[in-house]
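J.: Structure for this input, please:
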Amino acid sequence: MSAEVRLGRRPQADPAAIVLALYSAEAASLVQMARWYVEDKTAAEDLVQEAFIRLARAAHRIEDSAKGAAYLRSIVINLARDHNRRGLVSLRHRPPAQPDEPSAEATASGRAARREVIEAVRALPRRQRDCVTLRYFYELGIPEIAETLGLSANSVKTHLQRGLRALEKSLEDQP
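T.: As a prediction, the model looks like this:
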């Protein structure tokens, strides 16, 4: 008989096993819970990871492994609140972020794609080209296009459908 059982104490579970079991059972639900507090999924995952690190450091103190999940939830909530508090403070004192510059490859690829679309639109018959351009580049509605071109709304819809089908076929054939 072990010394713990002879002294009337309950045998202590392996702390690493407790953390591993809690991770398997609770990690996904903790990330979902953290998402209620922070907008960024990556930040929520980081908070849960930090909670498990803190649990691992204190796992030897957990007497009842059933209380581990509640302990984790409280850690995640507190970390999320701290995260939001720090975020608000840092937002006040941080200059606005500069947008990332697209890579040269992305810029070249975007230009090539735009050029293909423009060439395909230019190849459309005049009425289809006019309707597609007014609808998708100038963002006019069907009634405004009809009024602009002096056509009925049904004619505009027909020209748009035919133009979009022709564009789809033309752009699919592109290498």
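J.: what's the neighbour count on H159?
T.: The tally of other residues near H159 (other C-beta atoms under 10 Å) stands at 23. In this view, the C-beta of every residue, glycine as well, is placed from N, C-alpha and C.
J.: One more: the one 4 residues further on?
T.: Using other C-beta under 10 Å, G163 has 23 other residues around it.
J.: Apart from its chain neighbours, what residue comes closest to it?
T.: Among residues not flanking G163 along the chain, Q128 sits closest, at 3.4 Å (C-beta to C-beta, 6 or more residues apart in numbering).
J.: and the helix or strand harbouring that neighbour, how far from the chain's centre?
T.: Take DSSP states H and E as the rule and Q128 turns out to sit in helix 126-132. Here helix 126-132 is found 37 Å from its chain centre; the criterion is C-alpha atoms, centre = their mean, to the nearest Å.
J.: packing partners for it?
T.: The contact analysis (3 or more C-beta pairs under 8 Å, 6 or more residues apart in numbering; DSSP states H and E) places helix 126-132 against helix 104-122, helix 142-149, helix 153-172.
J.: In a markdown table: these, plus mean pLDDT and distance to P15.
T.: What follows is these, written out as a markdown table (pLDDT from 0 to 100; distance: least, C-beta to C-beta, whole Å):
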| stretch | mean pLDDT | distance to P15 |
| --- | --- | --- |
| helix 104-122 | 81 | 48 |
| helix 142-149 | 91 | 67 |
| helix 153-172 | 93 | 59 |
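J.: Go through the ones you listed and name the closest to Y23.
T.: Shortest distance between Y23 and the helices and strands packed on helix 126-132, using C-beta to C-beta, is found for helix 104-122: 37.8 Å.
J.: in that closest one, what's buried?
T.: Neighbour counts over helix 104-122 (16 or more other C-beta atoms under 10 Å) mark 120-121 as buried.
J.: now do stretch 54-66
T.: In terms of neighbour count (16+ other C-beta under 10 Å), stretch 54-66 has its buried residues at 54-56, 59, 62, 65.
J.: about what we covered before: which residues does the residue nearest to G163 contact?
T.: Q128 makes contact with 159-160, 162-163, 166 under the criterion C-beta atoms under 8 Å, 6 or more residues apart in numbering.
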